[in-house]
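Visitor: Okay, predicted coordinates and the sequence, questions at the end:
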Amino acid sequence: MRKEPDVDLSPTVSDVVKFTTCYMCACRCGIKVHLRDGQVRHIEGNRNHPVNKGALCGKGAAGVMQHYSPARLRKPLKRVGERGKSEFVEIEWDEALAIATEWLSAIRRSDPKKLAFFTGRDQSQSLTGWWASEFGTPNFAAHGGFCSVNMAAAGLYTIGGSFWEFGEPDWDRARYFMLFGVAEDHDANPIKAGLAKLKARGAKIVSVNPIRTGYSAIADEWIGIRPGTDGLFVLALIHELLRADKVDLDFLVRYANAHWLVIQSPGAADHGLFARDADGEPLAWDARDKALVKAGSVDIAPAVVGEFPLADGRKAVPVFQLVAARYMDARYSPEAVEATCGVSADHIRRIAAELAEAAFEQTIELDVEWIDWAGRKHDKIVGRPVAMHAMRGVSAHSNGFHTCRAIHLLQALLGAIDCPGGFRFKAPFPQAIPPAQKPAGKTVSPNTPLGGAPLGFPMGPEDLLLEPDGTPIRIDKAFSWEAPLAIHGMMHMVIANAWRGDPYPIDTLFLYMANVAWNSSMNTARVIDMLADKDADGRYKIPHFIYSDAYFSETVAYADLVLPDTTYLERWDCISMLDRAIGSADGPADAIRQPIVPPDRDVRAFQTVLLDLGTRLGLRGMTKEDGSAKYPGGYPDYMVNHQRAPGVGPLAGWRGEIGETYGRGAVNPKQLEAYVANQCFWRHELAPDQQFYKFANQRYLEFAAEMGFVRSPAPIIIQLYSEPLQEFRLAAEGHGPIQPPDDLRQRVKAAFDPLPIWYAPLEEERVDRSAYPLHALTQRPMIMYHSWGSQNAWLRQILGRNRLYVATITARMLGLADGDWVRAFSHNGAIKVQIKTMDGVNSDTVWTWNAVGKRSGAWTLAPDAPEARKGFLLNHLISEHLPRLADGRRLSNSDPITGQAAWFDLRVRIEKCEHGDETTQPQFATLSRPPGLEPAPAVKRRGFAFARRVR
């Protein structure tokens, strides 16, 4: 008789289940962590959580192996050998913190600018930025200058919010959806769920991306555009909509500055600025009364085209007149742009017609009464069901700011902003355009906090951070004439500038979770040489380097002092609306992480370490009058008791002495317990009449002001035409007391156009395109996120190496076959890699997955791990600087407006080479393991301890 297998159909998975928030990407999904005998056994999605509603991707499930990674650091480390040799001794925390305090105290007593404090994707920037401000250094930023500052700045200066994490498509109502440059690593669960909704309803999905993977592969239509030309493609769509008179003028007049008058007085100091009355209010022309009126007046019939007299006899024209005149010009016609974009004129015209048909023939009407900012009642909410989403693929070009502005202009012309079926803001957005916070740091004094936050939003040259002689105050040159709107800083320039002493040398580089010695540098080999370089006296050019990470990344080897962080399952954390909250278009939300298990190593959460250092340094916000710690309980103490404004703290839920209110209220000592009891998140559902037109919705604006999202319930006017940009342009034309240096004057004048423009990527214009005929891009894979995932044992089984992908037709023309080895050359260097041919890529483009390649020995991977021997980075081909100008100067390889790292402007050529040992090049010396880390296991197993014994 056949014996049935002994299968337990209802196994006991865990003896304890705890809730927290995932940290395996930027989604910040809610998770349930199953424990067995005090160990993490399994992670699943939380069905009650507003972000993922129970879904969990492979990255999230693999958090088990992230927590139990062999690469976890175990104790503070002090360098004893040369930088880069990974020679350390373990020390106690008291000694580590004493060393850090000694270095930082000396800087603060003399010149706080000598500290450069920059962080990676840490999700706690409201704390780290506040710490930098209290220390007194303007040299702070997170990773946004690497990643998405073009997206954020363009949106915040145009519509009061942006793509990325600050808004979302109306997945439930959109009928036509366009993605621009969206890869699969970011916000993956909500996007995948949203795409499924669109597919189920039969909505059309159009993906504009040189590479057809992931979302592009399931799109109804893929437009394989040439890299860096998205903006020109969008402006051609605008040309067609204007030519066909398919724009929502009612929306533009009611909610945008389409009717504001712009002074036309070439050569004058106010040319191109808005005409204003004696109170500074923008003016419009009332076509009914034939008179100048306040543009914000309610009962007017404003003109949107024409030329009108001002009180002083000069002329002015409405913004829409300028929009129509520019984009109806033949240079933006489909025929004029098709060769540059690689998209046929007929194709462009068809997409424009489809957008117009979806917006104006498939209008949505919700029977919901609402009141606008002027007190006018409306009996319905009208929606244009065209939604758009854009990400790094358009942001990471040197023309990306204007590309993102062009997309927002397209949305506005269609009336598809924060309406049913369109793009919708997520709380705390929209905000004033731009937000009122200006960058602090004009005055830096010993032992003195800054007058505000290090990062902010300049409105004109007077807000730049410049020395009296015009040189940059910040080490990265953010908020200087090289990058005036660098609202996220320029982390990619810190090491190069500090090494050169340009604009000045620093004393201490303090980094958190920023793998600058590998994938988070523009050029890896150059950066590690800079970190290890010494002056003529044998001293390191960057004297001190403090680094905090949870894992043995490539950067650890170059640090002088290593402060080991916890994993995300071992600490308290705050997903705050002061930073990047998890809310949706239907209501604000925030969340926490709670310790699921205690650390089994001598490590401390970086946020708590930072507060401890603040106390030791005597920083104002972190100490009481007697010098004792203001937050002796560390980061969870700060999460509950810190207030950024009266009644406004890091967490919005359960405020008040007994948790009776939300948003704004007194400190609640049991706030964290309330979050834990509610599965570690808080959410508020907006009323139906608050959910749309948030920029002009009276009830929403009053709610936002009460919550502290905005300073007042005034309407937020969409800025088709950006006056701050014109302020910078006027300075470049010779007006005002603060002007760019002569060598940057033309660059500023050209880039700071108040209407969206397109120009060829800067590096592309400065290299010989016949010598380097191909574009080269990276994408983040859905399987991994930043560099953390590619050391994860489970995720490595899915993707353990990368290849250079080449269009099949291009490979054939070059005499290449699938699997061949090639050398890829840029003006900056060469790499040896193996290729993979594919059809779904623009024929002028090669690409690879980013951050899969690893340095041999790092992350406690075996020295011959495929990530090290078969994997590679394109970073070896990229440069922090553009090619030299005629006078020998080298400017940052960045967007000239925002300082966004222009990763995706790279041009290369590829040539077949011998296979040789089939190892990618360049290779670097294998890193030795620091003390305390065991050798890499041949097989990383997890779960045997939980297996039921076989009977």
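Guide: It's in. Predicted model only: the values in this text are computed from it and were never measured.

Visitor: what sits against the closest residue to Ile575 other than its chain neighbours?
Guide: Among residues not flanking Ile575 along the chain, Ala591 sits closest, at 4.2 Å (CB to CB, 6 or more residues apart in numbering). Where you see a C-beta, it was placed from the backbone N, CA and C, and this is true even at glycine. Residues near Ala591 by CB atoms under 8 Å, 6 or more residues apart in numbering: Thr21, Arg28, Gly30, Ile575, Ile582, Tyr675, Cys680, Phe681, Trp682.

Visitor: mind listing the strands for the stretch 51-200 of the chain?
Guide: 77-79, 88-90, 115-119, 140-141, 167-169, 176-180 (DSSP state E, counting those that start in this stretch).

Visitor: swap in the stretch 851-951 of the chain?
Guide: Ranges of strands in the stretch 851-951 of the chain, per DSSP E, counting those that start in this stretch, are 907-912.

Visitor: Just name the most buried of the strands of the stretch 51-200 of the chain.
Guide: With neighbours defined as mean count of other CB atoms under 10 Å, these peak in mean count at strand 140-141, which reaches a mean of 30.

Visitor: mind listing what it pairs with, with the direction of each?
Guide: When sheet partners are counted by DSSP bridges, strand 140-141 sits next to strand 115-119 (parallel).

Visitor: The strand it pairs with - what's its average pLDDT?
Guide: Across strand 115-119, the average pLDDT comes to 97.

Visitor: Could you list the residues in contact with that strand?
Guide: 104, 107-108, 125, 128, 131-132, 135, 137, 139-143, 475-476, 489, 491, 494, 498, 506-514.

Visitor: Among these, which lie within helices?
Guide: Leu104, Ile107, Arg108, Gln125, Thr128, Trp131, Ala132, Phe135, Val494, Ala498 (DSSP state H).

Visitor: tell me the contacts of Pro435?
Guide: By CB under 8 Å, 6+ apart, the contact set of Pro435 is Leu156, Gly456, Phe457.

Visitor: Now, those that are in helices?
Guide: Going by DSSP H, the helices hold Leu156 from those.

Visitor: Buried members of the contacts of Pro435 into ChimeraX, please.
Guide: To isolate the buried ones among the contacts of Pro435 in ChimeraX, judged by 16 or more other CB atoms under 10 Å, type:
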select :156,456,457
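
Visitor: ok, of the contacts of Pro435, which one's closest to Tyr631?
Guide: Tyr631 lies nearest to Gly456 out of the contacts of Pro435, by CB to CB, at 25.3 Å.

Visitor: Quick check: Tyr675 is in a helix.
Guide: Yes: applying DSSP: H, G, I helix; E, B strand; the rest coil, one finds Tyr675 inside a helix.

Visitor: residues contacting the closest residue to Phe251 other than its chain neighbours?
Guide: Among residues not flanking Phe251 along the chain, Gly415 sits closest, at 3.5 Å (CB to CB, 6+ apart). Gly415 makes contacts with Asp248, Asp250, Phe251, Leu252, Ala359, Arg384, Gly422, as judged by CB under 8 Å, 6+ apart.

Visitor: Go ahead and build a ChimeraX selection from the buried members of the residues you listed.
Guide: Remark: buried members of the contacts of Gly415, expressed as a ChimeraX selection using 16+ other CB under 10 Å:
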select :248,251,252,359,384,422
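
Visitor: Tabulate the contacts of Gly415 in JSON lines, adding columns for pLDDT.
Guide: Output for the contacts of Gly415, formatted as JSON lines (pLDDT from 0 to 100):
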{"residue": "Asp248", "pLDDT": "98"}
{"residue": "Asp250", "pLDDT": "96"}
{"residue": "Phe251", "pLDDT": "97"}
{"residue": "Leu252", "pLDDT": "98"}
{"residue": "Ala359", "pLDDT": "98"}
{"residue": "Arg384", "pLDDT": "98"}
{"residue": "Gly422", "pLDDT": "98"}
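
Visitor: Which member of the contacts of Gly415 is positioned nearest Lys199?
Guide: Gly422 (18.8 Å).

Visitor: Quick one: residues contacting the closest one.
Guide: Going by CB under 8 Å, 6+ apart, the list of residues near Gly422 reads Pro169, Asp170, Ala174, Gly383, Arg384, Pro385, Val386, Ala387, Gln411, Leu414, Gly415, Ala416.

Visitor: Between the residues you listed, which sits nearest Ala559?
Guide: Closest to Ala559, out of all of the contacts of Gly422 and judged by CB to CB, is Pro169, at 41.7 Å.

Visitor: Quick check: closest non-adjacent residue to that closest one.
Guide: Per CB to CB, 6+ apart, closest to Pro169 is Ala387, 3.6 Å.

Visitor: cool, and Trp572?
Guide: Pro636 (4.1 Å).

Visitor: Now name the helix or strand holding that neighbour.
Guide: helix 635-641 (DSSP states H and E).

Visitor: give the contact list for Val444.
Guide: Residues in contact with Val444, defined by CB under 8 Å, 6+ apart, are Asp111, Pro112, Lys113, Gly136, Thr137, Pro138, Leu450, Ile473.

Visitor: for those residues, which one is nearest Ala705?
Guide: Nearest member of these to Ala705, counting by CB to CB, is Leu450, at 26.3 Å.

Visitor: Name the secondary structure element that contains that closest one.
Guide: Assigned by DSSP H and E, Leu450 falls within no helix or strand.

Visitor: and it, how many neighbours does it have?
Guide: 22 (other CB atoms under 10 Å).

Visitor: Ok, Val822 next?
Guide: Residues near Val822, counting by other CB under 10 Å, number 21.

Visitor: quick one: what helix or strand has the closest residue to Asp329 other than its chain neighbours in it?
Guide: Spatial nearest neighbour of Asp329, excluding adjacent residues (CB to CB, 6+ apart): His239 at 7.8 Å. In this structure, His239 is located in helix 230-243 according to DSSP H and E.

Visitor: Now do the helix or strand just after that helix: distance to the chain's middle.
Guide: Counting by DSSP H and E, the element after helix 230-243 in chain order, helix or strand, is helix 249-255. From the chain centre to the centre of helix 249-255 is a distance of 30 Å (CA atoms, centre = their mean, to the nearest Å).

Visitor: For helix 249-255, name the packing helices and strands.
Guide: helix 400-414 (3 or more CB pairs under 8 Å, 6 or more residues apart in numbering; DSSP states H and E).

Visitor: could you point out which element follows the helix it packs on?
Guide: The helix or strand immediately downstream of helix 400-414 is strand 423-425, counting by DSSP H and E.

Visitor: about what we covered before: for Pro650, see how far away the residue nearest to Trp572 is.
Guide: The spacing between Pro636 and Pro650, counted by CB to CB, to the nearest Å, is 10 Å.

Visitor: pLDDT wise, what is the residue minimising distance to the centre of the chain at?
Guide: For the chain, the residue nearest the mean C-alpha position is Ser148 (3.4 Å; CA atoms, centre = their mean). On the pLDDT scale, Ser148 is placed at 88.
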